[in-house]
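Chemist: Sequence and predicted structure, then a few things I'm wondering about:
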Amino acid sequence: QLQLVESGGGLVQPGGSLRLSCAASGKNAGYYAIGWFRQAPWKEREGVLCISPVSTRINYTDSVKGRFTISRDNAKNTVYLQMNDLKREETAVYYCAARFGADCQTDMTYWGQGTQVTVSS
């Protein structure tokens, strides 16, 4: 069993930056691949980025390349999503999710409760 708690969401102007955190707790938390997903109102959930236990990074969407980065601190069992140059259309609830092992497939096992990111002037 793994528990995930996201934080760091909020209101930001277009072009601004935010850093989201995903704190994992539970046995062997460091052995899970962790991904970030987002869901905008009336849209399907979309994968953003994923990071394996050994910090291999996978882009689920090309739309964030060059602007978003994912990292992890295994000592703190925390994964970060640094988001730069945010766009209005990226307003969404952002979720982190995890699956055991190195594979960043999108069918994750555990999900956090989500954190709201609103991009607006």
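Modeler: Arrived safely. Computed from a predicted model, the values in this text were never measured in an experiment.

Chemist: Dump the C-alpha coordinates for stretch 84-97 into CSV.
Modeler: Extracted as CSV, the C-alpha positions of stretch 84-97 are listed here (Å, rounded to 0.1, in the frame of the first residue of the first chain):
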residue,chain,number,x,y,z
ASN,A,84,7.5,26.8,-16.3
ASP,A,85,5.8,29.1,-18.9
LEU,A,86,2.3,27.9,-17.9
LYS,A,87,-0.5,28.3,-20.3
ARG,A,88,-4.2,29.0,-19.6
GLU,A,89,-5.2,25.7,-21.1
GLU,A,90,-3.1,23.9,-18.5
THR,A,91,-5.5,24.8,-15.8
ALA,A,92,-6.4,21.4,-14.3
VAL,A,93,-6.3,19.2,-11.3
TYR,A,94,-2.9,17.6,-11.2
TYR,A,95,-2.5,14.2,-9.8
CYS,A,96,0.5,12.0,-9.0
ALA,A,97,0.2,8.3,-9.3
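
Chemist: What residues sit buried inside it?
Modeler: Under the neighbour-count criterion of 16 or more other Cβ atoms under 10 Å, stretch 84-97 has Leu86, Glu90, Thr91, Ala92, Val93, Tyr94, Tyr95, Cys96, Ala97 buried. (Each C-beta comes from the backbone N, C-alpha and C, glycine too.)

Chemist: From these, pick the one nearest Ile58.
Modeler: For these, the closest approach to Ile58 (Cβ to Cβ) belongs to Ala97, at 13.0 Å.

Chemist: Secondary structure class of the closest one, three-state.
Modeler: strand (DSSP: H, G, I helix; E, B strand; the rest coil).

Chemist: what residues are up against it?
Modeler: Residues in contact with Ala97 (Cβ atoms under 8 Å, 6 or more residues apart in numbering) are Leu4, Ile34, Gly35, Trp36, Phe37, Met108, Thr109, Tyr110, Trp111, Gly112.
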